[in-house]
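Student: fold the following for me, if possible:
(2 chains)
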Amino acid sequence: MGVFSNLVKDSCKSIVHGNRAYHVWMAVLTFIMLVGAFCYGVQISEGLHVTGMTDRVSWGLYISNFTFLVGVAAAAVMLVLPTYILNDVDFKQAVLIGEGMAVAALIMCLAFVVVDMGGPARLWHIIPFIGVFNFPNSMLAWDVLVLNGYLIINITIPLYILIMRYQGKTPNPKIYIPGVIISVFWAVGIHMVTAFLYQGLPARPFWNTGLLGPRFLASAFTAGPALIIIALAIIRRFTDFKIEDKTLKKLGLVITVAAQINLIMLLSEFFKEFYFPTHHSESAHYLFFGIDGKDALVPWMRISIIINVFATISLLFHKLRNNLKFLYFVCGLLFIAVWIEKGFGLIIPGFIPGPWGAIVEYTPTRIEIGVTIGIWALGAFIFTILARTGVQIELGKIKYKKS
Amino acid sequence: MSNNIKKWFSIGSNRVEKKESCDSGKPCSCKSEKTNDGFDQVLNAPTDRRSAIQKLTAGLLIGAGAVSSSCSVSKTDEAKEISDIDWEEYFKGNYKLMTDTEKQSTVDRLVRSYELRNDKKIDMSAAGPIDDVLYGYAFNISKCQGYMDCINACVEENNQDRDSQMQYIRIHEIEKGEGIEFKNGDDTYYHEVPAAKHFYIGTQCYHCDNPPCVEVCPVQATWKEKDGLVVIDYDWCIGCRYCMAACPYDGRRFNWKTPEVPEEEVNKNQHYLGNRLRKKGVMEKCTFCIQRSRNGKNPACVDACPTGARVFGNLLDPNSDIRWIIENKKVFRLKEELGTEPKFWYYMD
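Tutor: The predicted model follows:
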């Protein structure tokens, strides 16, 4: 325990010390979080009617971002799997960063679910054994279990490794490999369960497709590693932490494959909806073309598809993909494309048209956007702290000193 | 007869059998069942843990409480009682799992709380389902003229938020010639009715026998009662709105803000699972006016309808109007392919 408290003390020291750019970055994030907290305060006192959600479109920006971020969290497995099990040296430096990102993404997921609740004060009703947990019937109950379980796994494994490195010891694979194997399956699990949350609802034909789960996985393995590449590029630039070009290029290869699979599935859905349109295709029609002049999502979706196709095709060329500057650019594009497609491009059309065909559109309010950006800032804040500590321990800048 | 019923809704026949064993004068198994069945066992465990948490939290807060009460001289007995009630109410369990005494004591607390806050008495019931009753509803499309008297009666009876104009019932105005095509309909019309060349059809919660909304609730805050009513414990709901996404019939409503009902308009004849006042951030919906139906009355919409388009009754009573309609009219239900088994039938003359 002495080691652990020293680790906490030392990492706190490293978190509050840094150059000017670091301080400005953290100050900006803190400011955005405070704005988000203020917006949430307004939402708490006034109720959810300060958001753009209504009885007709009852889930909006919050649940969209939640769905997207589950994918980002699951993508940590993309790094974990080859590093620990195949003992691939290339990924070894990157894996702690990936797991830090999973932790940050999961905390954002939980935050998005909590801010979407009508009665956050009554959330103790959902805690197993204290409240009444509708397990195994409710997919939301499953989601609570798998997300929190994944969070625990992704905290304990890196913590063990960092504590060993902190003391200058080599982590014992016999201790962490079983955890790693569980986390690999678990990552697929959190994604499938989140997809089941939607695809199990016959009331919403747009979601009620067996392809939703696999599509979630493909898009997760596109957007997640894309974000990790960008994060690694930033860390490489601003710290002494060595990340080889080979690592980034290998991750780029992962993205190339996943993005193609994702696009094929999108095409397959598109074909099914429009080859012989039925009543059940109306949501897709609304999403891609608009109905009766109501087309709030159409420009978003078109942009998403265009940059998705452009990025995926350009990744196919080795010359382009191996140009790191271009790779960062494409990763940014893919991240945005998937955020649109799998965020509000997936959640909102599920409610439009309504069960009786009414087309009522949804526009997020400023309060809602403020809370959303605040939670993203929270995620970036947590990731910065975790990555900074991890990098410094790996570099040997923080070391355990026996007193 | 039981085969006949099975065709419409998938209830078990045990309901009838149980009643027979009660009537037969032999040692009654129903009563002993009540004290030690699985239901109560489920209940006891969480309540114990919950009260443990409650005591822990109380212990943590008691210091702060002692400080504040020793410092404030103005805190009256009434304010103290209100805060005691709020405390008890916050930590109470799920109504579905409560014993009859627990149900009664939460109802008493709510009545007392209203009295303390508004100086008015309300009458709140915790009445359970009546044996051998299964509620069903029929709607005559030929008769409905779109007057919306049902909606007004419903809003007044069920203490719905006047500010956001929440309505459980939607009346769809559809042009004749394309059949029952809801997407061509208008459920927000505001003009003189009946409009020429149009017909009207009402939708609300259908109290499905296989309700998807109940399945998805993560905390079991909504469930199907023995008399077929799908109800919500407003105090247990956490407001995740998953049930809303799961309902194929647009039957559920959410309190996006604190509902406002002028004190003089509050219907004081209330039921815990029915029209008692709600708070912000919880789901609500049609309960077939549980406070009326369990007293042998019709729901408010049925009594308010000037054309007689609405029929309500006991599906297990072979002499009821609803049974006559189902057996003699060409009835149908909406979205039957989803397997939800609504207890709400449509028919035409």
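Student: A:G345 against A:M301, yeah?
Tutor: Yes: counting by C-beta atoms under 8 Å, A:G345 does reach A:M301; the two are 5.5 Å apart. All C-beta spots, glycine's among them, are computed from the backbone N, C-alpha and C.
Student: what touches both of these two?
Tutor: A:L287 (C-beta atoms under 8 Å, 6 or more residues apart in numbering or on different chains).
Student: what sits closest to the closest residue to chain B within the stretch 201-350 of chain A if chain neighbours are left out?
Tutor: Nearest to chain B in the stretch 201-350 of chain A, going by C-beta to the nearest C-beta, is A:A203, at a distance of 3.6 Å. Closest residue in space to A:A203, ignoring its immediate chain neighbours: B:P248 at 3.6 Å, by C-beta to C-beta, 6 or more residues apart in numbering or on different chains.
Student: for the one you found, list the residues it contacts.
Tutor: A:P202, A:A203, A:P355, B:P212, B:K335, B:L338, B:T340.
Student: of these, buried ones?
Tutor: Buried subset of those (neighbour count, 16 or more other C-beta atoms under 10 Å in any protein chain shown): A:P202, A:A203, A:P355, B:P212, B:L338, B:T340.
Student: so who does the last one touch?
Tutor: Neighbour list for B:T340: B:Y206, B:C208, B:D209, B:N210, B:P211, B:P212, B:P248, B:Y249 [criterion: C-beta under 8 Å, 6+ apart].
Student: run the last query once more with 10 Å
Tutor: A:202-203, B:206, B:208-213, B:247-249, B:333-334 (C-beta atoms under 10 Å, 6 or more residues apart in numbering or on different chains).
Student: likewise the third one?
Tutor: For A:P355, the contact set (C-beta under 10 Å, 6+ apart) comprises A:R56, A:A203, A:R204, B:F182, B:T203, B:C247, B:P248, B:Y249, B:D250, B:G251, B:L334, B:K335.
Student: how far away is the last one from chain A?
Tutor: Same thing as B:K335. Noted for B:K335: a distance of 8 Å to chain A, by C-beta to the nearest C-beta, to the nearest Å.
Student: count the neighbours of residue 329 for me.
Tutor: Going with chain A. Neighbourhood size, A:F329 [other C-beta atoms under 10 Å in any protein chain shown]: 15.
Student: other chain: chain B
Tutor: B:K329 has 15 neighbours, counted by other C-beta under 10 Å.
Student: immediately after the helix or strand bottoming out on mean pLDDT in chain A, which helix or strand?
Tutor: For chain A, scoring each helix and strand by mean pLDDT, DSSP states H and E identifies helix A:77-80 as the least confident one, at a mean of 74. Heading C-terminal from helix A:77-80, the first helix or strand you meet, by DSSP states H and E, is helix A:89-116.
Student: so which elements touch that following helix?
Tutor: Applying 3 or more C-beta pairs under 10 Å, 6 or more residues apart in numbering or on different chains; DSSP states H and E, we find helix A:89-116 packed against helix A:20-46, helix A:61-74, helix A:77-80, helix A:139-166, helix A:173-199, helix A:212-238, helix A:245-275, helix A:366-395.
Student: which of those sits closest to A:A105?
Tutor: Minimum separation from A:A105 across the helices and strands packed on helix A:89-116 (C-beta to C-beta) falls at helix A:61-74, 3.9 Å.
Student: A:K319: neighbour count?
Tutor: There are 7 residues near A:K319, going by other C-beta under 10 Å.
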